[in-house]
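Participant: Generate coordinates for the sequence data below:
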Amino acid sequence: EKGLKALRAHVLPSLSGEGELRLARSGEGVVAHLQTEVSQPAAAYEQLAAQVPEHFVGITFDVEGSVARFGDPAERMTHIDDKELVGPAAGFSQAHDLNEELAKAVAAAAAGKGKSILELYAGHGNFTVLLAAGTKGVVAVEHDADATEALRKNLRARGLKARVVAADAAEYPKTPLGGWDVVVLDPPRSGAKDVIGRLCSEKLPKRIIYVSCDTATLARDLSK
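Facilitator: Okay, here's the model as predicted:
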């Protein structure tokens with residue numbers, strides 16, 4: 001809250017145009033991610049730099065695709081296994097307190113359903129680290145390069161093995177999805193329309209686990 005007040009008082013007034021501000025946890029601190037498609041004055045960068053480390057562990061400032069970093073803007077949280085789960089700067093994390101129960105539910109739903117698990121939209125490993133602890137046949141697919149790198153680091157930190165593939169979930173794998181015992185999907189708000197189409201046109205896996213953060217796209221996909 002103090003950091004947000006500082007941004008509103010010292011940084012936001014110096015910005016022009018529209019943009020997006022996101023806050024995330026980083027251990028006991030907070031990181032901020034600002035994004036805009038409008039060029040900004042040098043004073044905005046100076047004001048952001050001044051917020052670290054007093055109010056933030058780190059900040060990213062994405063202006064027209066050019067990213068400036070102040071401090072350490074990686075997202076860090078203690079996961080269900082009591083180990084640190086590191087996410088990329090400006091990545092997506094489950095910030096709510098129910099994430100532990102959600103991760104446990106996904107792992108439990110996948111457990112004992114076979115030896116091969118395909119996880120699509122894997123991110124930096126919120127579910128992967130639990131799935132990989134339960135079986136050696138996990139393939140995790142994520143298209144974002146920073147998230148993929150963080151996922152590999154999180155697996156190595158736990159001594160876990162999974163095949164991590166940097167690819168579009170709508171296109172990978174080329175083989176039929178029905179050949180997998182379990183398919184786990186955790187798509188963005190836009191849903192998994194292309195993947196659902198593939199699932200419905202082939203022999204179904206033994207189990208499909210779909211995690212959604214948008215009821216409208218979930219309803220659309222399930223209607224298939």
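
Participant: From now on I want contacts and neighbour counts done on CA atoms only, so please keep to that.
Facilitator: Will do.

Participant: Now for residue 111: which residues touch it?
Facilitator: 131, 134 (CA atoms under 8 Å, 6 or more residues apart in numbering).

Participant: Report the separation between it and residue 13.
Facilitator: Going from residue 111 to residue 13 by CA to CA, to the nearest Å gives 51 Å.

Participant: same thing with residue 20?
Facilitator: For residue 20, the distance to residue 13 (CA to CA) stands at 14 Å.

Participant: What of residue 140?
Facilitator: Residue 140 sits at a distance of 42 Å from residue 13 (criterion: CA to CA).

Participant: ok, now residue 78?
Facilitator: From residue 78 to residue 13 the distance is 34 Å (CA to CA).

Participant: which one of those two has more residues nearby?
Facilitator: Ranked by neighbour count (other CA atoms under 10 Å), residue 78 and residue 13 place residue 78 first, with 14 against 10.

Participant: Buried residues, stretch 186-206. List them.
Facilitator: Buried residues in stretch 186-206, counted by 16 or more other CA atoms under 10 Å: 186-187, 191-193, 195-196, 198-199, 204-205.

Participant: Can I get that stretch as CSV, trimmed to CA atoms?
Facilitator: Output of stretch 186-206 as CSV, limited to C-alpha atoms (Å, rounded to 0.1, in the frame of the first residue of the first chain):
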residue,chain,number,x,y,z
ASP,A,186,-4.1,-23.2,-17.4
PRO,A,187,-4.6,-20.7,-20.2
PRO,A,188,-4.8,-16.9,-20.0
ARG,A,189,-8.1,-15.1,-19.9
SER,A,190,-8.6,-15.6,-23.6
GLY,A,191,-9.0,-19.3,-22.9
ALA,A,192,-7.9,-22.3,-24.9
LYS,A,193,-10.1,-22.3,-27.9
ASP,A,194,-7.6,-23.8,-30.3
VAL,A,195,-6.5,-26.5,-27.9
ILE,A,196,-10.1,-27.5,-27.1
GLY,A,197,-10.7,-27.8,-30.8
ARG,A,198,-7.9,-30.3,-31.0
LEU,A,199,-9.0,-32.2,-28.0
CYS,A,200,-12.5,-32.6,-29.3
SER,A,201,-11.4,-33.8,-32.7
GLU,A,202,-9.3,-36.6,-31.4
LYS,A,203,-9.5,-39.5,-29.0
LEU,A,204,-9.7,-37.9,-25.5
PRO,A,205,-6.9,-38.3,-22.9
LYS,A,206,-7.8,-40.3,-19.8
